[in-house]
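1. What follows is a predicted structure for the sequence shown.
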Amino acid sequence: MSGPDADHALARADGAIARVVRAVARTAPDVRGGLADRRMYGTGENPSGEQQLAADVYADELLEERLLAIDGVAGYASEERPEVVTAADTDGGYHVACDPLDGSSNLKSNNAMGTIFGVYDTPLPASGAHIVAAGYVLYGPITTLALAVGDRASEYVVRDGEPELDTADVTLPADPVVYGFGGRVPDWPDDFADYVASVEQELKLRYGGAMIADVNQVLTYGGVFAYPALESAPEGKLRLVFEGAPIGYLMAAAGGASSDGARSLLEVEPTDLHQRAPLHLGSTELIERLERTLD
Ligand SMILES: O=P(O)(O)OC[C@H]1O[C@](O)(COP(=O)(O)O)[C@@H](O)[C@@H]1O
Ligand SMILES: [Mg+2]
Ligand SMILES: [Mg+2]
């Protein structure tokens, strides 16, 4: 069901949440338009020790300014800055966590990237149990926005900064088709390699180097995306508060599931804003199978 009267995620969002979503959508053309001139690395590193591109910093600054200006938003946190920034007016009940540019190393090779956001109802860091809305913009051949509010996931096409409803009820297809797993194969723990051996018998490989682009394939076709624990990095690479929990929330709204290997990503309690976690996201049966295999 689509059309203006459809029951979609943005229609379910309360005033401040809807303003956050609209600000992210309005920022998308600016982020996209600023990419071509910002492909070079700067001198800075983010708190995860990764070199920042000029585009990472640009997207972060735009989002910080626009999200903190919203009535009802008390805090902004991002992968690109060490601490939470609080609004001048701290009355707001919402705290927004962003990965301003997900997959930014794809800028060099001109492949897809995204912007991830999670709206939490308590100061950060907090677990995914406190997320009240989450979504992402995908800068692909077209700009789309996926959004979950409660148990409803919807997809929008962003035209001139406005989210136009495309699919009111996004649900993972019953027969999964694709998988994509990060990390070098020799660095995968044996139990994860066993899981891969079973999954690759059934599904097609899709790995593009930007979590959001790969997640969007999973949402479209069904399947599983993971950046797992590695022998060299037991917590994996990706971050819980900015990447794992928001997308775990979206997957749940779309009828899928998430896991750090043992439990839902929404149940993991962060002790650090920038903490990493092994991420597994997708069709419920495939996530349950993962947890059985890693048990
Ligand atoms: O290059 P690798 O090791 O495959 O890592 C790719 C992963 O790293 C990321 O690019 C990390 O996100 P950022 O670009 O936001 O730091 C993910 O989007 C992607 O899934
Ligand atoms: Mg990212
Ligand atoms: Mg990023």
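-> Sure, I can see it. Ligands and ions are numbered 1, 2, ... in the order given.
2. Residue of the protein closest to ligand 3, please.
-> At 4.4 Å from ligand 3, Asp99 is the closest residue in the chain, using Cβ to the ion. Where you see a C-beta, it was placed from the backbone N, CA and C, and this is true even at glycine.
3. now that residue, what's its secondary structure?
-> Under DSSP: H, G, I helix; E, B strand; the rest coil, Asp99 falls in the strand class.
4. who touches it in this structure?
-> By Cβ atoms under 8 Å, 6 or more residues apart in numbering, the residues touching Asp99 are 78-79, 114-116, 239, 242-243.
5. among those residues, which are within reach of ligand 1?
-> Subset of the contacts of Asp99 in contact with ligand 1: Glu79, counting by Cβ under 6 Å from any ligand atom.
6. With adjacent residues omitted, what lies nearest to Ser78?
-> Cys98 (4.6 Å; Cβ to Cβ, 6 or more residues apart in numbering).
7. one step back: which of the contacts of Asp99 fall within strands?
-> 78, 114-116 (DSSP state E).
8. Taking the residues you listed, tell me the two that lie furthest apart.
-> Spatially, the most separated pair among the ones in strands among the contacts of Asp99 is Ser78 and Gly114, at 13.8 Å (Cβ to Cβ).
9. Between those two, which is the more surrounded one?
-> Gly114 (32 against 29; other Cβ atoms under 10 Å).
10. correct me, but that one touches Ile212?
-> Yes: contact criterion Cβ atoms under 8 Å: Gly114 and Ile212 qualify, at 2.9 Å.
11. and for those two, which residues touch both?
-> 102-103, 136, 138.
12. In contact with Val20, which residues are there?
-> Neighbours of Val20 in contact, by Cβ under 8 Å, 6+ apart: 67, 70, 73, 94, 96, 117, 119, 133.
13. near ligand 3, which residues of the stretch 101-250 of the chain?
-> 101-102 (Cβ under 5 Å from the ion).
14. And the helices in the stretch 101-250 of the chain, which stretches?
-> With DSSP state H, counting those that start in this stretch as the criterion, the stretch 101-250 of the chain has helices at 106-109, 190-199, 211-221, 245-253.
15. Could you say which of those helices is packed most deeply?
-> When you average the neighbours per residue for each of the helices of the stretch 101-250 of the chain (mean count of other Cβ atoms under 10 Å), helix 245-253 leads with a mean of 28.
16. Can you list the neighbours in contact with that helix?
-> 9, 97, 116-118, 127-128, 131, 134-136, 146-153, 172, 211-212, 215, 219, 257-258, 264-266, 268, 279, 281-282.
17. Now do that helix, average pLDDT.
-> Regarding helix 245-253, the rounded mean pLDDT is 98.
18. Tell me which helix or strand comes right after it.
-> Counting by DSSP states H and E, the next helix or strand C-terminal to helix 245-253 is strand 257-259.
19. That next one packs against which elements?
-> helix 245-253, strand 279-282, helix 284-294 (3 or more Cβ pairs under 8 Å, 6 or more residues apart in numbering; DSSP states H and E).
20. Tell me the strands beside that strand, with direction?
-> strand 279-282 (antiparallel) (DSSP bridges).
21. Who are the contact partners of the closest residue to Leu107 other than its chain neighbours?
-> Excluding the flanking residues, the one nearest Leu107 by Cβ to Cβ, 6+ apart is Arg39, at 5.1 Å. If you count contacts by Cβ under 8 Å, 6+ apart, Arg39 has them with 53-55, 107-108.
22. Distance check, Arg39 against ligand 2.
-> 17 Å (Cβ to the ion, to the nearest Å).
23. From Glu162, how far out is that residue?
-> Arg39 sits 27 Å away from Glu162, going by Cβ to Cβ, to the nearest Å.
24. next one: Ala153
-> From Ala153 to Glu162 the distance is 19 Å (Cβ to Cβ).
25. Please say which of the two ends up with more neighbours.
-> Just comparing Ala153 and Glu162: by other Cβ under 10 Å the higher neighbour count belongs to Ala153, 28 against 13.
26. who does the more buried one bridge with?
-> Bridge pairing for Ala153 - DSSP bridges - gives Ala148.
27. and it, what pLDDT?
-> 98.
28. OK, contacts around it?
-> By Cβ under 8 Å, 6+ apart, the neighbours of Ala153 are 9, 146-147, 169-171, 219, 250, 253-254.
29. same check, this time on Gly44
-> Taking Cβ under 8 Å, 6+ apart as the test, what Gly44 contacts is 51-52, 57.
30. closest to Leu35 among those?
-> Val57 (12.5 Å).
31. can you tell me the helix or strand for the closest one?
-> helix 54-68.
32. Need the residues that contact that helix.
-> Contacts for helix 54-68 (Cβ under 8 Å, 6+ apart): 20, 23-24, 26-27, 30-31, 34-35, 37-42, 44, 46, 73, 75-76, 78-81, 85, 87-88, 96, 98, 100-101, 104, 107, 115, 117.
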